[in-house]
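Enquirer: Sequence and predicted structure, then a few things I'm wondering about:
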Amino acid sequence: MLQQQAEMNKRPRKKFVTKRKILLITMVTAVLLIIVKVYLDTNTFKVNKLQFYSNKIPVDKAVHILQITDVHNKVFGENNEALIQTVKDLNPDMIVLTGDLIDRKTTEFHPMFTLVEELTSLQEQAFFITGNHEWENPNKEGFLQGLKARGVKVLNNENSELTINQVKLNLVGIDDSSTNHDNVTQAFAGLNNDRYTILLSHSPTIVEKERNLAADLILSGHTHGGQVRLPLLGALVSPDEGLFPTYDKGTYSMHSKQFLYIDSGLGTSVAPIRFLNQSQMSMIRVSYGK
């Protein structure tokens, strides 16, 4: 009887130890999966493809725009070979760089100068607008002059009329609005509103600052998509908007066929991690449609 009672007493303890082992294994596995996901989201990139329509585009015509934003000196593979090969394969009609190629503390510009040299060798229609990190970098002017010397067209609160694939476009670029360097009136001066108009604005909150933007499509970055996202909740925090931002990433329909698109970017700032928010650049197709 005593032996039977002792064996019965051992069974609950064995069950407890087994459950504890299962819980420990589950927790370790979850942590390892999170670490792997963080590494992949931070160090590999994808191409987000999207489509916009407008009756300002001629029938049977289209323009393909590659948006690259918030690189923050990030290099993918040796000398960005993976990134450059992807751009070559995409073969865009134009490239727009929507700010924060560098960090506010960057002193060595060579990696980004090498990147833009490769980009302009593939597509000479390359445009850049400043982000907050460029404005906060002590050698901003040196960096901008370096971009211009390498064939990048820097839009400082100004617009440019383009004809690409027989499509007439307005491209407007404003300096970073989050640091109050934007001048929308100057940027849109003399614009032909019959043309399809694309506005490049590093910060998406320009849509709250300026309610009557004469643009069909607004391309932004700045938010990094929150960098860290959680299921159901989305972005935890983003610059300018704080916790649980309204504008974090993706497409937002504004008014009267106007769209805001926020690319979550390639790089990181503050913390060098991404989670459930893989590094990306965007291939945007604009064609005829009502």
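Expert: Cool, got the structure. Numbering: from 1, shown residues only.
Enquirer: Look at Leu147 and say how many residues are nearby.
Expert: Neighbourhood size, Leu147 [other Cβ atoms under 10 Å]: 21. (Each C-beta comes from the backbone N, C-alpha and C, glycine too.)
Enquirer: Domain ranges for the chain, per the record?
Expert: 1-43, 46-288 (automatic domain parsing).
Enquirer: and the residue nearest to Met112 when sequence neighbours are not counted, backbone torsions?
Expert: Spatially, and ignoring its direct neighbours in sequence, Met112 is nearest to Leu101 (4.8 Å; Cβ to Cβ, 6 or more residues apart in numbering). Backbone geometry at Leu101, expressed as degrees, to the nearest 10, gives phi -70, psi -30.
Enquirer: Just name the most buried of the domains of the chain.
Expert: Each of those was scored by mean neighbour count; the highest is domain 46-288, a mean of 18, by mean count of other Cβ atoms under 10 Å.
Enquirer: follow-up on the earlier one: may I see the domains of the chain arranged in CSV, with mean pLDDT as well?
Expert: Converted to CSV, those look like this (pLDDT from 0 to 100):
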stretch, mean pLDDT
domain 1-43, 76
domain 46-288, 96
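Enquirer: before we move on, the earlier item: could you measure the residue nearest to Met112 against Glu118, distance?
Expert: 13 Å (Cβ to Cβ, to the nearest Å).
Enquirer: what's the answer for Gly131, then?
Expert: 20 Å.
Enquirer: quick revisit: do you know how far the residue nearest to Met112 is from Gly226?
Expert: Relative to Gly226, and taking Cβ to Cβ, Leu101 is found at 20 Å.
Enquirer: Then Ile174?
Expert: Ile174 is 23 Å from Gly226, by Cβ to Cβ.
Enquirer: same check, this time on Ile102
Expert: 21 Å.
Enquirer: for Tyr288, same thing?
Expert: According to Cβ to Cβ, Tyr288 stands 34 Å off from Gly226.
Enquirer: ditto for Ile218
Expert: With Cβ to Cβ as the criterion, Ile218 and Gly226 are 19 Å apart.
Enquirer: now swap in Leu144 and tell me
Expert: Plainly put, Leu144 is 28 Å away from Gly226 if you go by Cβ to Cβ.
Enquirer: go on, Val96?
Expert: The gap separating Val96 from Gly226 is 22 Å, by Cβ to Cβ.
Enquirer: wait, what's in contact with Ile198?
Expert: For Ile198, the contact set (Cβ atoms under 8 Å, 6 or more residues apart in numbering) comprises Ile65, Val96, Leu169, Asn170, Leu171, Val172, Ala215, Asp216, Leu217, Ile218, Leu219.
Enquirer: hmm, I was thinking of Phe143
Expert: Taking Cβ under 8 Å, 6+ apart, we find Phe143 in contact with Leu101, Ile102, Phe109, Met112, Glu134, Asn137.
Enquirer: can you list those residues in a markdown table and add secondary structure?
Expert: Converted to a markdown table, the contacts of Phe143 look like this (DSSP: H, G, I helix; E, B strand; the rest coil):
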| residue | secondary structure |
| --- | --- |
| Leu101 | coil |
| Ile102 | coil |
| Phe109 | coil |
| Met112 | helix |
| Glu134 | helix |
| Asn137 | coil |
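Enquirer: would TSV of the residues you listed with distance to Ser269 be doable?
Expert: Formatted as TSV, those follow (distance: Cβ to Cβ, whole Å):
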residue	distance to Ser269
Leu101	12
Ile102	11
Phe109	17
Met112	15
Glu134	13
Asn137	13
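Enquirer: Asn156 and Trp135, how far apart?
Expert: 11 Å.
Enquirer: Now list whatever residues contact both of the two.
Expert: Common neighbours of Asn156 and Trp135 (Cβ under 8 Å, 6+ apart) are Asp175.
Enquirer: Surely His181 is in contact with Glu134?
Expert: No - look at His181 against Glu134 with Cβ atoms under 8 Å: they stay out of range, at 9.6 Å.
Enquirer: Just say helix, strand or coil for Ile84.
Expert: Three-state assignment for Ile84 (three-state DSSP): helix.
Enquirer: so it touches Glu118, yeah?
Expert: Yes - using Cβ under 8 Å, Ile84 makes contact with Glu118 at a distance of 4.7 Å.
Enquirer: If anything else comes up later, I'll come back, but that's it for now.
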